[in-house]
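Chemist: Structure for the following, please:
(one chain, ligands or ions: 1)
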Amino acid sequence: MGIIIKGTGSYVPEKILTNADLEKMVETSDEWIRTRTGIQERHISTPEQATSDLAYEAAVKALANANMSAEELDLIVVATVTPDHSFPSTGCVLQRRLGAKNAFCFDLEAACSGLLYSLETAFSLLKCRDKYKNALVIGAEKLSSITNWKDRNTCVLFGDGAGAVIIGKDDSVDYDCIVASDLHSDGNYSEVLKRRSGGSRMPDTAETIAEGLNCIYMEGKEVFKLAVGAMVGAAKSVLAQSGVAASELRYVIPHQANYRIIDAVAQRLEVEDEVIYRNVHRYGNTSAASIGLCLDEINSSGAVKRGDYLVLTAFGGGLTWASLLIKW
Ligand SMILES: CC(C)(COP(=O)(O)OP(=O)(O)OC[C@H]1O[C@@H](n2cnc3c(N)ncnc32)[C@H](O)[C@@H]1OP(=O)(O)O)[C@@H](O)C(=O)NCCC(=O)NCCS
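Modeler: Numbers count the residues shown, from 1 in each chain. As a prediction, this is how the structure comes out:
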């Protein structure tokens, strides 16, 4: 009996915001955005769409891909920094829409590392309790709702989306999908990437909103430096723990923050360029959704098969960072 990836799904809103569109909103240029980040366009939700709506679309596709009904789910974990409400959890809102009446549901907040933290959490629960068979893990974000559209330093970077993974027990396999894991946090760096108002420390007022304190704040250069070292360190750790060589990897999927961070990670891991998965040019940084969008792309295009090894590596606010060595 093993715990394997049974299905994936993803969703991005229809509306595309291009670099040319952003040129009309703030003082920026397509050339600046492409050379600094590689991003060409991102998807943006309608005002009516909430994070759970994006998660729902991805979840329905993942269930179809796994050939499962929602009632077979024992657990739903939604990784997000943009929940529909502070409570109830987006997981519970999603449960109602899916009709996943046998699942217990919660949200997990680890910023851009959220999907990997959630996979490790769900996997560990399945591993230690016979009664839990299947878990739906989703990274879903409506980052456009906390983006300051007047701040060129940040508004060019982010997008909306959802990526879902179903993991579950299977009698016919003798391996687990998470071969090794390496998860970290360092709250000493909590100020470099955060949303300054909107929580109990500083509830939103007309003033906080006017100053944009309710939106994503980031010290870009500092985050860049920390991100590369952390993602590379965690990725090397899962390789060392598992004994799998970098040359055996089908894919390395780094959190899709920007091309330069991804390139720096690739260089330090010394893997062939075609092994590094990239789609940030189409979606921007979708935080917890980013690796889920990648996983669904490789799965639905048939680019990955049972037994392939992948390294997933992510970094985000908190600070948090994590790597998983996955056997598909
Ligand atoms: C944000 C980031 C792309 C900026 O790149 P950078 O190389 O640090 O920026 P540079 O030093 O080349 O340029 C900074 C200048 O560009 C300006 N600038 C910032 N955003 C701009 C934009 N969208 N268009 C044009 N100019 C911009 C700044 O105002 C600054 O101008 P100044 O020097 O006159 O003050 C980079 O720091 C980064 O990728 N950081 C990590 C971000 C990230 O991925 N975070 C999420 C992690 S989960």
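Chemist: so where's the stretch 101-250 of the chain shaky on pLDDT?
Modeler: Nowhere does the stretch 101-250 of the chain drop to pLDDT under 70.
Chemist: what does it put close to the ligand?
Modeler: Applying CB under 6 Å from any ligand atom, we find that the stretch 101-250 of the chain lies next to the ligand at 112, 152-153, 156, 218, 220-221, 223-224, 227. For the C-beta atoms, the positions are set from N, CA and C on the backbone; glycine is no exception.
Chemist: Kindly write the PyMOL command that selects the buried subset of those residues.
Modeler: Selection of the buried residues among those in PyMOL, burial being defined by 16 or more other CB atoms under 10 Å:
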select buried, resi 112+152+156+218+223+224+227
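Chemist: can you list the residues of the stretch 101-250 of the chain next to the ligand in a markdown table and add secondary structure?
Modeler: What follows is those, written out as a markdown table (DSSP: H, G, I helix; E, B strand; the rest coil):
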| residue | secondary structure |
| --- | --- |
| C112 | helix |
| R152 | helix |
| N153 | helix |
| V156 | coil |
| M218 | strand |
| G220 | helix |
| K221 | helix |
| V223 | helix |
| F224 | helix |
| A227 | helix |
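Chemist: of the residues of the stretch 101-250 of the chain next to the ligand, closest to E41?
Modeler: Nearest to E41 out of those is V156 (CB to CB; 10.7 Å).
Chemist: How is I209 assigned, secondary-structure-wise?
Modeler: At I209 the chain is in helix, as set by three-state DSSP.
Chemist: From S197, how far out is the spatially closest residue to R152 that is not a sequence neighbour?
Modeler: In space, and not counting its chain neighbours, R152 is closest to V26: 4.1 Å by CB to CB, 6 or more residues apart in numbering. When distance is defined by CB to CB, to the nearest Å, V26 is 21 Å away from S197.
Chemist: again, but for P47
Modeler: 21 Å.
Chemist: Which of these two has more residues huddled nearby?
Modeler: Legend: neighbour count by other CB atoms under 10 Å for P47 and S197, higher for S197 (19 against 7).
Chemist: can you confirm that one is in a strand?
Modeler: No: membership of S197 in a strand is not supported by three-state DSSP, which gives coil.
Chemist: Just the buried residues of stretch 34-45, please?
Modeler: Buried residues in stretch 34-45, defined by neighbour count with 16+ other CB under 10 Å: 36-45.
Chemist: quick one: the helices in the stretch 151-300 of the chain?
Modeler: Remark: helices assigned in the stretch 151-300 of the chain by DSSP state H, counting those that start in this stretch are 152-155, 206-210, 220-242, 259-269, 280-283, 290-300.
Chemist: right, so those: which one is the most enclosed?
Modeler: Among those, helix 290-300 has the highest mean neighbour count (mean count of other CB atoms under 10 Å), at a mean of 24.
Chemist: Mind putting the helices of the stretch 151-300 of the chain into a markdown table with distance to M1?
Modeler: As requested, the helices of the stretch 151-300 of the chain are arranged in a markdown table below (distance: least, CB to CB, whole Å):
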| stretch | distance to M1 |
| --- | --- |
| helix 152-155 | 46 |
| helix 206-210 | 51 |
| helix 220-242 | 20 |
| helix 259-269 | 32 |
| helix 280-283 | 36 |
| helix 290-300 | 22 |
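Chemist: In the stretch 101-250 of the chain, which residue sits nearest the ligand?
Modeler: Of all residues in the stretch 101-250 of the chain, the one sitting closest to the ligand is G220 (2.9 Å; CB to the nearest ligand atom).
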